[in-house]
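Chemist: Sequence and predicted model, in that order:
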Amino acid sequence: MARIRPARTYRSIFSQSWSRYSQKKPRKNYVRAMPHTSLLVFNMGADNKAYDVQFTMNVQDRIQLRSNALEAARQIANKYLEKTIPGGYYFKVLVYPHSVIREHKMATGAGADRISQGMSHAFGKPVSVAARLTKNQPVFMIRTSRQNAKHVKEAFRRAGSKLSGNYKVIAIDRNN
């Protein structure tokens, strides 16, 4: 599925979320067909070790992130960590994209004004899903040992380049 509109059209939160989808009561749905999420893997690395430090990547503003952006950030951070510290980390995605993004498809090109019906009843069709994040909410979490701190910060820097908004890395010592 091709993205028609850029992410800047969806990253701000203006109104309530349209995420009502029920298999038991389909007549009560706001969303008739739920779009698939691009984000499928949430836990990576080795969780069976006792790590020293936990790093989280927190968002600094209210923002809405599409599932394909979260998946791109997850992939680039995990690939860097696998290359630099294989088996020495545990990486977890802490958000899930529930909110449905709708798009009102308009005809474009010559003569589109005669074919298109304008914006009357422009509720839109579901095209993607997004995660709505509040201020200071963690997006990703990595547990590792102290000597790998610079690698984790670099992985978060690379992941932040794939996402809209500003992010802050917070370290928590797990031994205390």
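Modeler: Cool, the structure landed. Residues are numbered from 1 along each chain as shown.
Chemist: wait, residue 57 sits on residue 169?
Modeler: Yes: judged on C-beta atoms under 8 Å, residue 57 makes contact with residue 169 at a distance of 5.8 Å. To be clear about C-beta, it is placed using only N, CA and C from the backbone, and glycine gets the same treatment.
Chemist: which residues are common contacts for the two?
Modeler: Counting by C-beta atoms under 8 Å, 6 or more residues apart in numbering, the contacts common to residue 57 and residue 169 are residue 156.
Chemist: ok, those two, which is more surrounded?
Modeler: Using other C-beta atoms under 10 Å, the more surrounded residue of residue 57 and residue 169 is residue 57, with 24 against 17.
Chemist: isn't residue 142 right up against residue 153?
Modeler: No: in this structure, residue 142 is not within contact of residue 153 by C-beta under 8 Å, at 9.7 Å.
Chemist: Next secondary structure after the helix or strand of the chain with the lowest mean pLDDT?
Modeler: Using mean pLDDT, DSSP states H and E, the weakest-scoring helix or strand in the chain turns out to be helix 112-115, at a mean of 58. Per DSSP states H and E, the first helix or strand lying C-terminal to helix 112-115 is strand 125-133.
Chemist: Low-confidence stretches in the chain?
Modeler: 1-12, 14-24, 26-33, 104, 106-123, 176 (pLDDT under 70).
Chemist: which residue is nearest the middle of it?
Modeler: Nearest to the geometric centre of the chain sits residue 70, at 3.4 Å (C-alpha atoms, centre = their mean).
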